[in-house]
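Novice: here is my input; please provide its structure:
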Amino acid sequence: MMKFATTSTAGMLVRLKMLLLTGLLLALAIIAPGSGGQSYAQNPLPPFADSWNGVHSFLTYSPNGNYTTSFIQSIAWRYDFGFSVGKFRTVSERHGHVELRYLSEQYTDDELRRIFRDTANMIDFYEERGGVRYADPVYTQVLAAGGVEQEMSSFTALRETYGRDVLANERAIWLAAHELAHQWWGNMVTNRDWTHFWLNEGLASFMASAYKERRFGREEYMKDIAEYRANYEKVRDAGKDRSLVFPDWNRPTREDRTLVYDKGAYVIHLLRQEMGERAFWNGIRRYTRKYFGKSVVTLDFQTEMEAASGKSLRTFFDRWVYLRQS
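Specialist: Below you'll find the model as predicted:
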């Protein structure tokens with residue numbers, strides 16, 4: 001049993017417990033205050049909503065008015081635990097085997113459905129391109145205060161202003177598409193260590209743009225690619241280009257992050273051009289299927305893409321990934 005420090009969220013104290021039941025089964029709980037010790041009949045529901053990794057398991061009350069809500073997840077990684085607690089409005093929809101949950105304090109039910117109307121299609125697209133079904137029975141998206149932009153296992157926290165952006169422009173969905181892509185590339189296929197971080201972020205960025213290509217057309221995709229390229233070339237022209245496989249990730253600079261995200265996505269686009277459509281997407285499926293639920297290094301990605309293309313990609317990877325002189 002591991003206990004986390006008491007945390008204050010929106011003026012309410014939250015205590016957390018995590019119980020590791022087996023190597024792959026995780027039970028998690030939030031113990032939070034109710035409404036001044038009222039009886040259960042008077043206070044049948046908590047005064048605020050919460051979200052965590054996995055599926056809601058049960059809700060219990062104590063005589064002092066506190067309640068405990070528990071979640072269980074069958075597959076979990078240590079680095080992507082997370083939770084959110086607030087006075088959220090919750091909207092739920094069913095898409096195939098997945099329950100979709102949208103949480104917000106400031107948007108109406110109708111607005112939440114409009115903000116996240118692409119979520120179901122994103123899941124379908126990533127399942128198709130990766131060749132693997134979404135791993136959990138629930139996916140939650142939380143619009144939270146501040147500048148949060150973070151994927152966690154089976155849910156994502158997004159800044160509240162993201163909702164306004166999408167309501168004003170239906171094409172402003174890159175952030176949600178990127179974070180959802182991490183449920184495949186970043187969470188379930190994850191870098192063995194942070195020196196290969198580009199496999200997480202470069203692929204998620206590229207796949208977000210690939211979804212926008214499916215949704216809005218080639219021109220929208222190429223706008224993203226042009227932005228990735230411009231951001232990368234700014235770093236390169238400043239003399240700060242580096243191999244995408246870093247010697248360490250102890251003190252990454254702003255430029256290093258640009259390389260991991262933007263150069264990474266741009267290089268995958270160039271690899272798509274190098275291999276051709278059929279071989280490239282076959283390679284993405286091979287890589288995702290083989291390593292789903294496992295950790296990877298760059299050579300694993302290269303090997304699967306070479307197997308799909310039927311040729312060596314060493315020259316490409318030496319030039320664009322490792323920055324080796326030919």
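
Novice: can you pull out the helices in the protein?
Specialist: Taking DSSP state H as the criterion, the chain carries its helices at 109-115, 119-130, 160-168, 174-181, 198-216, 218-237, 254-258, 264-275, 277-291, 298-309, 314-320.

Novice: mind putting the ones you listed into CSV with distance to Ser154 and mean neighbour count?
Specialist: C-betas here are computed from N, CA, C, even on glycine. Formatted as CSV, the helices of the chain follow (distance: least, C-beta to C-beta, whole Å; neighbours: other C-beta atoms under 10 Å):
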stretch, distance to Ser154, mean neighbour count
helix 109-115, 18, 17
helix 119-130, 12, 19
helix 160-168, 19, 16
helix 174-181, 11, 22
helix 198-216, 16, 23
helix 218-237, 26, 16
helix 254-258, 25, 15
helix 264-275, 24, 21
helix 277-291, 18, 18
helix 298-309, 24, 19
helix 314-320, 33, 16
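
Novice: what's the first-to-last distance across stretch 137-152?
Specialist: In stretch 137-152, first residue to last residue: 15 Å (C-alpha to C-alpha, to the nearest Å).

Novice: starting at the chain centroid, how far to it?
Specialist: Centroid separation for stretch 137-152 versus its chain: 9 Å, with C-alpha atoms, centre = their mean, to the nearest Å.

Novice: only the buried residues of it, if you could.
Specialist: Neighbour counts over stretch 137-152 (16 or more other C-beta atoms under 10 Å) mark 138-144, 148, 151-152 as buried.

Novice: of the residues you listed, which is the nearest to Thr190?
Specialist: Lowest distance from Thr190 to these (C-beta to C-beta) belongs to Glu151, with 11.3 Å.

Novice: tell me the domain ranges of the protein?
Specialist: 1-81, 88-177, 189-320 (automatic domain parsing).

Novice: run the chain-centre distance for the longest one.
Specialist: Read that as domain 189-320. Domain 189-320 sits 16 Å away from the centroid of its parent chain (C-alpha atoms, centre = their mean).

Novice: likewise stretch 110-127?
Specialist: Relative to the chain's own centre, stretch 110-127 is displaced by 14 Å; criterion: C-alpha atoms, centre = their mean.

Novice: which residues touch that stretch?
Specialist: Contacts of stretch 110-127 with the rest of the structure, by C-beta atoms under 8 Å, 6 or more residues apart in numbering, involve 89, 91, 93, 95-96, 98, 100, 102, 104, 107, 133-134, 139, 141, 143, 162-163, 166-167, 173, 176-177, 180-181, 183-184, 207, 210-211, 214-215.

Novice: now stretch 185-205
Specialist: Here stretch 185-205 makes contact (C-beta under 8 Å, 6+ apart) with 75, 77, 80, 130, 132, 135, 151, 153, 178-179, 181-182, 207, 228, 244-249, 259-265, 267-268, 287-288, 291-298, 301.

Novice: and the buried residues of stretch 137-152 as a markdown table, adding pLDDT?
Specialist: A markdown table is the format used below for the buried residues of stretch 137-152 (pLDDT from 0 to 100):
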| residue | pLDDT |
| --- | --- |
| Val138 | 90 |
| Tyr139 | 92 |
| Thr140 | 91 |
| Gln141 | 93 |
| Val142 | 92 |
| Leu143 | 92 |
| Ala144 | 87 |
| Val148 | 73 |
| Glu151 | 73 |
| Met152 | 79 |
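
Novice: mind picking the two most distant members of those?
Specialist: Spatial extent of these (C-beta to C-beta) is set by the pair Val138 and Val148 at 19.6 Å.

Novice: shaky segments in the stretch 1-150 of the chain?
Specialist: Where the stretch 1-150 of the chain drops to pLDDT under 70, the residues are 1-83.

Novice: and the buried residues of stretch 137-152 as a markdown table, adding distance to Met305?
Specialist: A markdown table is the format used below for those (distance: C-beta to C-beta, whole Å):
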| residue | distance to Met305 |
| --- | --- |
| Val138 | 32 |
| Tyr139 | 28 |
| Thr140 | 32 |
| Gln141 | 31 |
| Val142 | 35 |
| Leu143 | 36 |
| Ala144 | 36 |
| Val148 | 33 |
| Glu151 | 24 |
| Met152 | 28 |
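
Novice: in strands, which of those fall?
Specialist: Using DSSP state E, 138-144, 151-152 are the members of these that sit in strands.
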